[in-house]
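# one predicted model, sequence on top.
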Amino acid sequence: MNIVVCIKQVPDTTEIKIDPVKNTLIRQGVPSIMNPFDKNALETALQLKDAYGGKVVAIAMGPQQAKAVLREAISMGADEGYLVTDRAFGGSDTYATSYILSQAIEKLGPFDVILGGKQAIDGDTGQTAPSIAEHLGATRLTYVLDMKVEGDKVIARRQVEEGIEVIETKFPVLCTATKESNKPRYATVSRKLYSLRCDIPELTIADFPNIDTTKIGLKGSPTKVKATFTPKRTATGVNIEGNSPAEIAGSLIDKLAEAKVL
Amino acid sequence: MSFETCKDVWVFIECFQGEPKSVGLELLGQGRKLADGLKQQLCAVVIGKDVDAAVKAAAAYGAEKVYVVKGDEYENYSADAYGHAFLKLCEKYDPNTILVGATVNGRDLGSKLAVSLHTGLTADCTALSVEEESGNVVWERPAFGGNLYAQILCSETRPQMGTCRPGAFKKGQPNPDNKPEIIEEAIPTPAEQIRTKVVEFIKAAEDQGMRLDEADVIVSGGRAMKNAENFAVLQELADVLGGTVGCSRAAVDAGWMPQSRQVGQTGSTVSPKIYFACGISGAVQHVAGMSESGTIVAINKDDTAPIFEVADYCIVGDLFEVVPALVKELKARQQA
Amino acid sequence: MSLLYTDEQKELLAMVREMAENEIKPYVQEADEKGECPRELFDWGFKMGLHMLEIPEEYGGTGLSYETTAMIFEELAKVDAGYAISFVTSFVALRNVILAGTPEQGKYFADVVKPGRFAAFALTEPNAGSDPGAMRATAVKDGDDYILNGNKTFITNGALASIMVGFFKTSPEKGNRGISAFIVDADAPGITIGKHENKMGLRLSNTTDVTFENVRVKASAMLGEEGSGFKLALNALNLSRAFVATMAVGIMQRALDESVKYAKERKQFGEPIINFQMVQQMLADMAIKIEASRCLVNNTMRMMDNGSLVRKEGSITKTFVSDCAQEVTSNAVQIFGGYGYSKEYPVEKLMRDCKVFQIFEGANQVQRMTIAGELNREYK
């Protein structure tokens, strides 16, 4: 089975700080990590490889430092990693990014399964991976918990709000993974050493001679940022105090009743 | 589809087993706002096998037109079938703006349409408005886990699209007398075109409690809960107030509560009448999911916890003492 | 931490740290109380390949340097030294195979261990601790085989091991020169494992008696020449003695981490106790001893990587570091005060865990005699 996983390097948003004056991210000192849901997607890929054999390729679009997440993917068991990088790709929104990644997938493919995480914890749009399916004309299944193959059929379980759908489809298929999909494995020592020493080939715009340049970069992005701001938090809170939990409870209930909330 | 000729605000009324989901109806309220700003009409889009309930609801919640596509192939959501039908509608009727609920299927459909129509989609919007001069919708959404908010424009292409989280907006008041124009379109999707088949549906078993988006009162617990059993303390308070229990991501990560109970950036967005944040520090990711609650009561031992910056009532104390005291006092007053 | 870690070492340590903190740490307190480590916990180490680190590449192992392996086990020991020593003990056995075994024997050992299995090193007997030459276990030749009989005690991984390196007298009349080493499959008929020792510390580590009753092994299971076992054991122990010190460094570092954190939070007389000079003195002395210990271990590892048998340096390292650890962990409990004495807090365990480092791998008193002996030999 040929499997490709799209992974993204993101700042660890649990550690992020915003400069309140400039309204921009303070990137310094914030560790960069593999997008956690992409890690789930990678684990799905590795489990498929464990079960059915084949190859797992990881691709990421980003600057040079994004190679770190490709190496991490290899340390967990991916066979190869490719970095899609070029100034021409900078400023891409989800439409442009998904287009570029679909071009890379076509170049490196064909693949039976394409995997990605349900959303990136920086952009939080959840659109890039499903959009790749559209550019490729591939069947898409979002929020996949697990997959198995029976003959030429793919049977996947998909998480929806109301429960779980069991879906039958065929290859090629694009799936997005979520936290409930699995618990990503740790790397092994020998794989980690290999990942630090191996080559990560780069794909630049020169590798895509037929790419539609109107669909990439800032110019190729239908959505544009008008403004950004930090959420305002006003400390309007009323302190409820008391000498005992019972007093505090009474005081709170009184106030809620007064405000006609209770 | 042309920038000049496109018109109307379309809202997708997503259904489950023939019943309209709340999010589509919530978005009709926002759609009304946008339609007024653009001076255009508000339309609903219903696709399914049994569509009557959805059409009725769309009417009640303010749609001026309802586009309906019926067929057996639309009984269950599939990207291929729904995408095909919706696309054909767009090609024929040329909408200006499309709103879709940011549910699992809504996000799926939204992204498929955006790429097919070669246009921009802004996801998980928390506020919408219109730039009257340009006719651009201003899509406001959180990023970086809720640390930053961005205003996005789709200024070069139409239709301009956005998804919004269930619970981000409140439903308006239904008007049973509203009679929209019903436009039924026959758009069959041939079976060969539908590449996925739902062979089984397993209802979510583990979470039998009241849903977060239906509750008027949510009592939420965080890291300080220490284990799964302690959530029974919160359940007592929820029961006394007729509400339900929620949690922060820390509780889900620790395995104490299922993800369906998580409130926050990667969980559910809620806006109940009262939200009790018990032993929750108030990280931006959590606050992003509950800041629109009517009244927020925070109970935390740490007086520097960020939750106190958004709470209406602040209690610095041990939740394991305060919550039982609240339950006791409420029961006593209810008896009296 | 003053070692100049390479990028690779940093990555490996970060990886081990994450696994140990997330998967092992939450269960340590309970396992320590029970005196037993659940098998699933060991599986995390196996999955990561920690049991293959010192096995040479030609036998399918990772072939990592002593230096890097020691860093990894220091990291693991910060979470639990008993867990760490379970893996380290396999390497103690391995070293005998590397030093004296044939390539076939090396491959055999590696193949047994590879799927995720432990090894044990069976030298000590109830009457033969510091004086291994006093052992009574015998190996009697019988055709192409040897029959093993004897009772070994305090064997780490006794109940867990799939393979053992054991020492038996092939010629009891020759004293030390009559001891031979054998590779023995743990499931060989005649081997009984005694009950698990209820120890003061390292309680996640399995320690049992192992009794050999007419255990038949092939002559090809002997490591090296007949009668070379004693020398082999000493040489192998020189290497492992220096190595185990790295776990004591891990224990000390954990003790310091917990103590500084506590001293900053705990307030008495209106201020954090880290402001008080005598607490500062204890913390400073802890930090000094840890730095010195870590650098000493690292240097000795590099000598070992360079091929040195570290007879004197191994003794120096183990003696110095284990003595430091006693003081450091005791002071950690002191800083925590009454809370330090309680099992609810992590430091009393550290104190219990490190005592054995002054005892095993050659008691420190014997080490001092060895060092003096070496000095005597060096100076003409």
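Done, it's in.
# residue most distant from the centroid, chain C?
No residue in chain C sits farther from the centre than residue C:270, which is 43.6 Å out by C-alpha atoms, centre = their mean.
# residue of chain B nearest chain C, please.
Closest contact between chain B and chain C, by C-beta to the nearest C-beta, is at residue B:254 (9.7 Å). Quick note: C-beta positions are derived from backbone N, CA and C, even for glycine.
# from residue C:72, how far off is that residue?
Using C-beta to C-beta, to the nearest Å, residue B:254 is found at 28 Å from residue C:72.
# out of those two, which sits in the busier spot?
residue C:72 (24 against 16; other C-beta atoms under 10 Å in any protein chain shown).
# give me phi/psi at the residue farthest from the centre of chain C?
Backbone torsions for residue C:270, taken as degrees, to the nearest 10, come to phi 80, psi 0.
# how close does the residue of the stretch 1-150 of chain C found nearest chain A sit to residue B:261?
In the stretch 1-150 of chain C, the residue that lies nearest chain A is residue C:49 (4.2 Å; C-beta to the nearest C-beta). Look at residue C:49 and residue B:261: by C-beta to C-beta, they are 37 Å apart.
# out of these two, which sits in the more crowded spot?
Under the criterion of other C-beta under 10 Å, the comparison of residue C:49 against residue B:261 puts residue B:261 first, with 25 against 22.
# list the buried ones in the helix ranked longest in chain A?
Longest helix of chain A, by residue count under DSSP state H: helix A:36-52. For helix A:36-52, a neighbour-count test (16 or more other C-beta atoms under 10 Å in any protein chain shown) marks A:36-49 as buried.
# hey, where'd the helices end up in chain C?
Going by DSSP H, chain C shows helices at C:7-19, C:25-34, C:39-48, C:66-79, C:81-100, C:103-113, C:229-265, C:277-305, C:311-336, C:347-354, C:364-378.
# could I get those helices as JSON lines with distance to residue B:289 and mean pLDDT?
Formatted as JSON lines, those follow (distance: least, C-beta to C-beta, whole Å; pLDDT from 0 to 100):
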{"stretch": "helix C:7-19", "distance to residue B:289": "27", "mean pLDDT": "96"}
{"stretch": "helix C:25-34", "distance to residue B:289": "27", "mean pLDDT": "95"}
{"stretch": "helix C:39-48", "distance to residue B:289": "33", "mean pLDDT": "96"}
{"stretch": "helix C:66-79", "distance to residue B:289": "34", "mean pLDDT": "97"}
{"stretch": "helix C:81-100", "distance to residue B:289": "38", "mean pLDDT": "95"}
{"stretch": "helix C:103-113", "distance to residue B:289": "49", "mean pLDDT": "96"}
{"stretch": "helix C:229-265", "distance to residue B:289": "31", "mean pLDDT": "95"}
{"stretch": "helix C:277-305", "distance to residue B:289": "42", "mean pLDDT": "97"}
{"stretch": "helix C:311-336", "distance to residue B:289": "39", "mean pLDDT": "97"}
{"stretch": "helix C:347-354", "distance to residue B:289": "39", "mean pLDDT": "97"}
{"stretch": "helix C:364-378", "distance to residue B:289": "58", "mean pLDDT": "96"}
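# those helices: which one's closest to chain B?
Of all the helices of chain C, helix C:25-34 comes closest under C-beta to the nearest C-beta, at 9.7 Å.
# tell me the contacts of residue 136?
Let's take chain A. Shown in contact with residue A:136 (C-beta atoms under 8 Å, 6 or more residues apart in numbering or on different chains): A:102, A:105-106, A:114, A:172, A:174.
# wrong chain, I was asking about chain C
C:125, C:127-128, C:150-151, C:169.
# try residue A:56
By C-beta under 8 Å, 6+ apart, the residues touching residue A:56 are A:3-5, A:42, A:45-46, A:49, A:77-79.
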